[in-house]
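[1] Output the structure for:
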Amino acid sequence: EGVVYADWLDSQHQRDLAEQLPDDIELVVGLGGGRALDNSKYAAISKGVPLILVPTIVSTGAIVRGQVAKWDGRKLVGEVDDWPWVDCDYVLVDYETVLAAPYYLNTAGIGDILCTGAGLIEASWKVEQGTGEPVDDAVVANLEAYYDGLVDGFVPTLDVQGELTADSVKHIMTSLAQRDSQKLQAQSGDHPFWLALEQINDRAWIHGELVALGAVMIAWQAGIGLEKLIDRMRKCRVRLRPSEMSLSREELKKGLEFAPQFMAERDTDSILRHKPIVGERFDELWGFLESL
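    Predicted structure coming up:
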C-alpha cells in the first residue's frame with residue numbers, strides 16, 4: 001500500500017514518513033537496520049495499527065526495544081519515560097539476509113552490550129577519587145560473570161574461519177533482549193559520548209561501535225579494567241579503531257572537547273566530564289586507539 005525510506009531519526013522526519021503512508025493501512029512492517037525499525041515504530045503508533053519488525057542487521061537493541069526516542073535533529077529530547085512505546089507483534093529474522101551484511105554491522109550489537117561495563121569502571125574510579133560509594137562485590141561478580149558468559153557463548157558460534165553463523169546472529173539477538181529485560185545499564189559516559197560526538201559533528205556512525213569506543217576510552221582514562229574490556233570486544237569482533245569506523249582524528253577530538261559541556265547540561269556524572277581527554281592527553285589516546 002505504501003513504502004517510505006528512513007533517512008534519519010529526527011522526530012519531524014518520522015512524522016513526515018508516517019503521513020506519507022495511507023490512512024487505511026492495517027499493518028506496518030519495518031525492514032532494515034535500527035533507523036528503519038525505529039521509524040516504523042512511530043508509523044505504527046501514528047496509524048494505530050500492528051507492527052512487524054524485520055531486522056536486516058542486529059547492530060542495536062532497536063530490534064527488540066519498543067520505545068521511540070524523540071529527536072530534534074541529532075539532539076535527544078526528554079527521557080525514556082517521556083517517549084511513546086509500541087509492542088510489535090513479531091520480530092522476523094532471515095539469517096541469510098543478516099549474514100549477507102558486513103560482519104561489523106552485526107557484532108556492533110555486542111558492542112552495545114559490553115559497553116555497559118563502563119558503568120562498573122566509572123563507579124570504581126569514583127571510589128578512588130573519594131566521590132562515590134563502593135559497589136557491592138556480589139553485584140560486580142554477577143556482572144563480570146554475565147559479560148564472560150556473553151563472550152564465552154558467542155565465540156563457539158563462529159565457523160572455522162572465524163566468521164559469523166546463524167547461531168552467532170541468534171546469540172546477539174537474544175543477548176540484546178536479555179540486556180534490555182534486565183536493564184543492565186549503570187550511569188556512564190559511553191552513551192552520552194556517542195550523543196555528544198554525533199551532535200557536534202552533525203553526522204552519524206554505527207551506534208554499537210561508538211558506545212563500545214566510549215567504554216574503552218573511559219577505561220583508558222580511568223586506568224581500570226582496560227585489558228579485560230578490550231579482550232572481550234576483540235573476541236566478539238567489535239571494531240574499536242576509529243579509522244576503521246570512518247571516525248577521523250578531528251571528529252573524535254571535537255567530540256571529546258564538547259563532551260564535558262554536553263554531560264554537564266544533562267547532569268551526566270562521568271570521567272569524560274570531570275577529567276576530559278583533551279590536549280596532549282588526546283594525542284596519547286589517539287595513538288593508543290589506532291594501535292588496537
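[2] Now do the helices in the stretch 1-150 of the chain.
    Taking DSSP state H, counting those that start in this stretch, the helices of the stretch 1-150 of the chain run over residues 11-20, 34-47, 95-99, 104-114, 118-129, 137-154.
[3] For residue 63, which of those is the nearest?
    Comparison of the helices of the stretch 1-150 of the chain against residue 63 by C-beta to C-beta identifies helix 34-47 as nearest, at 6.5 Å. In this view, the C-beta of every residue, glycine as well, is placed from N, C-alpha and C.
[4] Now do that closest one: everything it contacts.
    With C-beta atoms under 8 Å, 6 or more residues apart in numbering as the test, helix 34-47 has contacts from 4-9, 11, 13-15, 17-19, 21, 23, 25, 28-31, 50-51, 53, 55, 59-60, 62-63, 66, 68-69, 84, 86, 88, 207.
[5] List buried residues within the residues you listed.
    Buried members of those, counted by 16 or more other C-beta atoms under 10 Å: 6, 9, 11, 13-14, 17-18, 21, 28-31, 51, 53, 55, 59-60, 62-63, 66, 68-69, 86, 88, 207.
[6] which residues does the closest residue to residue 2 other than its chain neighbours contact?
    Nearest residue to residue 2, sequence neighbours excluded (C-beta to C-beta, 6 or more residues apart in numbering): residue 21, at 4.5 Å. By C-beta under 8 Å, 6+ apart, the contact set of residue 21 is 1, 2, 4, 28, 43, 47.
[7] from the residues you listed, which single one is nearest residue 104?
    Taking C-beta to C-beta as the measure, residue 104 sits nearest to residue 4 out of the contacts of residue 21, at 27.0 Å.
[8] you'd agree that closest one is up against residue 20?
    Yes - here residue 4 reaches residue 20: they are 5.1 Å apart, a contact under C-beta atoms under 8 Å.
[9] any idea how far residue 174 is from residue 237?
    Relative to residue 174, residue 237 is positioned 18 Å away (C-beta to C-beta, to the nearest Å).
[10] meant to ask about residue 88, not that
    16 Å.
[11] Repeat that for residue 214.
    Counting by C-beta to C-beta, the gap from residue 214 to residue 174 is 24 Å.
[12] Repeat that for residue 143.
    Per C-beta to C-beta, residue 143 is found 18 Å from residue 174.
[13] do the same with residue 41
    With distances taken as C-beta to C-beta, residue 41 is found 20 Å from residue 174.
[14] picking that back up, tabulate the helices of the stretch 1-150 of the chain (JSON lines), appending mean pLDDT and distance to residue 195.
    Putting those into JSON lines (pLDDT from 0 to 100; distance: least, C-beta to C-beta, whole Å) gives the following:
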{"stretch": "helix 11-20", "mean pLDDT": "93", "distance to residue 195": "15"}
{"stretch": "helix 34-47", "mean pLDDT": "93", "distance to residue 195": "15"}
{"stretch": "helix 95-99", "mean pLDDT": "97", "distance to residue 195": "27"}
{"stretch": "helix 104-114", "mean pLDDT": "96", "distance to residue 195": "14"}
{"stretch": "helix 118-129", "mean pLDDT": "94", "distance to residue 195": "14"}
{"stretch": "helix 137-154", "mean pLDDT": "92", "distance to residue 195": "24"}
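[15] Show me the one of the ones you listed that comes nearest residue 196.
    helix 118-129 (14.7 Å).
[16] burial count for residue 137?
    If you count neighbours by other C-beta atoms under 10 Å, residue 137 ends up with 8.
[17] same check, this time on the one 4 residues further on
    Residues contacting residue 141 under the criterion other C-beta under 10 Å number 10.
[18] ok, then the element right after the helix or strand harbouring residue 264?
    Using DSSP states H and E, residue 264 sits in helix 249-265. The first helix or strand that comes after helix 249-265 along the chain, using DSSP H and E, is helix 271-274.
[19] Can you pull out the residues in contact with that next one?
    Residues from elsewhere that reach helix 271-274 (C-beta under 8 Å, 6+ apart): 122, 125, 189, 192-193, 214, 217-218, 221-222, 256, 259-260, 263-264.
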